[in-house]
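> dropping the sequence and predicted coords here.
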Amino acid sequence: MKRFVLLLSLMLAFTLSVPAYAHFQTIYTPESALSKSKKIDIKLIFTHPFKAGHTMDIGKDEKGNIHPPIAFGFVHKGKRKDLLKQLKPITFVSLTNEGRAYNANVRLRGMGDYNFYFVPAPYYEGAEDIYIQQCTKAIFNVAGAPTDWDTPVGDPLPVEIVPLDKPYSIWKGMSFRGVVICGGKPVPDAEIEVTYLNHNVKGNAFAKEENMPIPQPDLVPLGIKANKNGEFSFTFPKAGWWGFCALGAGGDLKYNGKELSQDAVIWVQVIE
Amino acid sequence: MKRFFTCLFGILAVMLFLTTIAFAHTPLCSCYDNGDETITCEGGFSDGSSASGVEMTVQDKSGKVLTKGKMNEDSEFTFKKPDGPYKVIFDAGPGHVVEVNGEDITE
């Protein structure tokens, strides 16, 4: 009986904790390693990627007002390009609801790395009574020449994950290493959630089919920790898009009088 | 004598190692149409090194040279877009040649 109660409470804990965490802001495009210069479609979606679940309205406050994004652009060969004005609001449909997302058509001209960054307005999460702001990065490459991937974006990102492995050249079975930084300094023992885009993005919606079955509930999302130098490593069991989120990397912050979790997110694409 | 061979072996081993490094990178070249009747090609190597000074040739279908030049200090080479079919050759020496077909060069 005791064991049954324990099991039941554990199950309950899982059920309760799943919706509370595992939020992930995306900077999504189908391909991270492009063979040549071209126009790409980017989608910024604030969702639960593993289960293609609840999709949040980016920048919604506690009163339900939606605030516009704060920063969006890329750094290429050391130069910053602001693309905030190119963002267009869209409605993204998950398997359970729909939410305010953004898309942008961006022309990548010239070979090298494009370190994309996105800073949304803080989102109010009622279930936790906190604000969440996920400062997100994704690095795309044209024609194979490495130029910027290992350099921090810096301003306007207060927190970020800096790769130690080229994030667009990862073969299935390889590992990805990164450093969590806040204001240019490593965040020791950072708590990191790892997610997988388990449902492909089709237009402005998630596909119904999942790419891999989830064998155990505690795998969604996976929890890992950085070491004392803010470094972490993860080995991929499956090809596709993987996201890393360093929770509260910005430290103890407040927004509108409530706790603000300022997270650092990075997306990497694993190929096979 | 033994020492001489050990030394020689050592030198050969180092040389082999250096050669491996020299060939471990891949030459890269990518071009785009500027939309103003000119084409810009960028070059580099997979280890991030510059392609400044690398010889660039633009040929027509029959192999006739239309333009010749070198990658500038930013590893870039811009030329007037030829009227007919053409290809661009990035030549950084044996085993380090990249050819780009004109029809694959878009805006």
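Yep, it's here. For clarity, every value in this text was computed on a predicted model and none was experimentally measured.
> now do the strands in chain B.
Counting by DSSP state E, chain B has strands at residues B:27-33, B:38-45, B:55-60, B:65-70, B:76-80, B:86-91, B:97-101.
> for those, give me a markdown table that also has mean neighbour count.
For every residue, glycine as well, the C-beta is placed using N, CA and C. Output for the strands of chain B, formatted as a markdown table (neighbours: other Cβ atoms under 10 Å in any protein chain shown):
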| stretch | mean neighbour count |
| --- | --- |
| strand B:27-33 | 23 |
| strand B:38-45 | 22 |
| strand B:55-60 | 18 |
| strand B:65-70 | 13 |
| strand B:76-80 | 17 |
| strand B:86-91 | 20 |
| strand B:97-101 | 15 |
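> and residue A:250, which of those strands is closest to it?
Distance to residue A:250, taken as Cβ to Cβ, is lowest for strand B:38-45 among the strands of chain B, at 35.7 Å.
> chain neighbours aside, what residue packs nearest to the residue of the stretch 151-272 of chain A found nearest chain B?
Nearest residue of the stretch 151-272 of chain A to chain B, counting by Cβ to the nearest Cβ: residue A:169, 9.6 Å away. Take residue A:169 and drop its neighbours on the chain: the residue closest to it by Cβ to Cβ, 6 or more residues apart in numbering or on different chains is residue A:33, 6.8 Å away.
> and chain A, which residues reach chain B?
A:36-38, A:109-112, A:142-147 (Cβ under 8 Å from any Cβ of the partner chain).
> what is the neighbour count of residue A:186?
16 (other Cβ atoms under 10 Å in any protein chain shown).
> now do the spatially closest residue to it that is not a sequence neighbour, the pLDDT please.
Once flanking residues are discounted, residue A:186 sits nearest to residue A:230: 3.1 Å by Cβ to Cβ, 6+ apart. On pLDDT, residue A:230 comes in at 98.
> so who does residue A:230 touch?
A:179-181, A:186-188, A:190 (Cβ atoms under 8 Å, 6 or more residues apart in numbering or on different chains).
> kindly recompute the last result at 6 Å.
When contacts are counted by Cβ atoms under 6 Å, 6 or more residues apart in numbering or on different chains, residue A:230 touches A:179-180, A:186-188, A:190.
> ok, back up a step: can you redo the residues of chain A next to chain B as CSV with distance to residue A:84, secondary structure and pLDDT?
As requested, these are arranged in CSV below (distance: Cβ to Cβ, whole Å; DSSP: H, G, I helix; E, B strand; the rest coil; pLDDT from 0 to 100):
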residue, distance to residue A:84, secondary structure, pLDDT
A:36, 26, coil, 91
A:37, 22, coil, 91
A:38, 22, strand, 91
A:109, 19, coil, 92
A:110, 21, coil, 92
A:111, 25, coil, 94
A:112, 22, strand, 96
A:142, 22, strand, 96
A:143, 27, coil, 94
A:144, 29, coil, 93
A:145, 27, coil, 94
A:146, 27, coil, 95
A:147, 23, coil, 95
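> out of these, who's the most crowded?
Greatest neighbour count in those, by other Cβ under 10 Å, goes to residue A:111: 28 neighbours.
> how near is it to residue B:102?
The gap separating residue A:111 from residue B:102 is 18 Å, by Cβ to Cβ, to the nearest Å.
> so which of the contacts of residue A:230 is the most crowded?
residue A:180 (29 neighbours).
> and it, bridged to which residues?
Residue A:180 has the following beta-bridge partners by DSSP bridges: residue A:161.
> correct me, but it touches residue A:245?
No. At 9.9 Å, residue A:180 does not count as touching residue A:245 under the criterion of Cβ atoms under 6 Å.
> quick one, what contacts the residue of chain A found nearest chain B?
Relative to chain B, the nearest point of chain A is residue A:143 (3.5 Å; Cβ to the nearest Cβ). Residues in contact with residue A:143 (Cβ under 6 Å, 6+ apart) are A:111, B:28, B:30.
> mind listing what residue B:29 touches?
Here residue B:29 is in contact with B:41, B:43, B:90, B:98, B:100 (Cβ under 6 Å, 6+ apart).
> which strand residues bridge it?
Counting by DSSP bridges, residue B:29 forms beta bridges with residue B:43.
> for it, report the pLDDT, please.
95.
> also the one 10 residues further on?
Reading off the confidence values, residue B:39 has pLDDT 97.
> which residues touch it?
B:31, B:33, B:79, B:81, B:105.
> how close does it sit to chain A?
For residue B:39, the distance to chain A (Cβ to the nearest Cβ, to the nearest Å) stands at 11 Å.
> tell me how far that residue lies from residue B:58.
Plainly put, residue B:39 is 8 Å away from residue B:58 if you go by Cβ to Cβ.
> shared neighbours, those two?
Counting by Cβ under 6 Å, 6+ apart, the residues touching both residue B:39 and residue B:58 are residue B:79.
> and whichever residue of chain B sits closest to chain A, what is it in contact with?
In chain B, the residue that lies nearest chain A is residue B:30 (3.5 Å; Cβ to the nearest Cβ). Each residue near residue B:30 by Cβ under 6 Å, 6+ apart is listed here: A:36, A:111, A:143, B:42.
> cutoff 10 Å now
A:34-37, A:110-112, A:142-145, B:40-44, B:90, B:98, B:100, B:104-105 (Cβ atoms under 10 Å, 6 or more residues apart in numbering or on different chains).
> buried set for stretch A:192-204?
A:192-201 (16 or more other Cβ atoms under 10 Å in any protein chain shown).
> check stretch A:232-240 too.
Buried-residue list, stretch A:232-240, by 16+ other Cβ under 10 Å: A:232, A:234, A:236, A:239-240.
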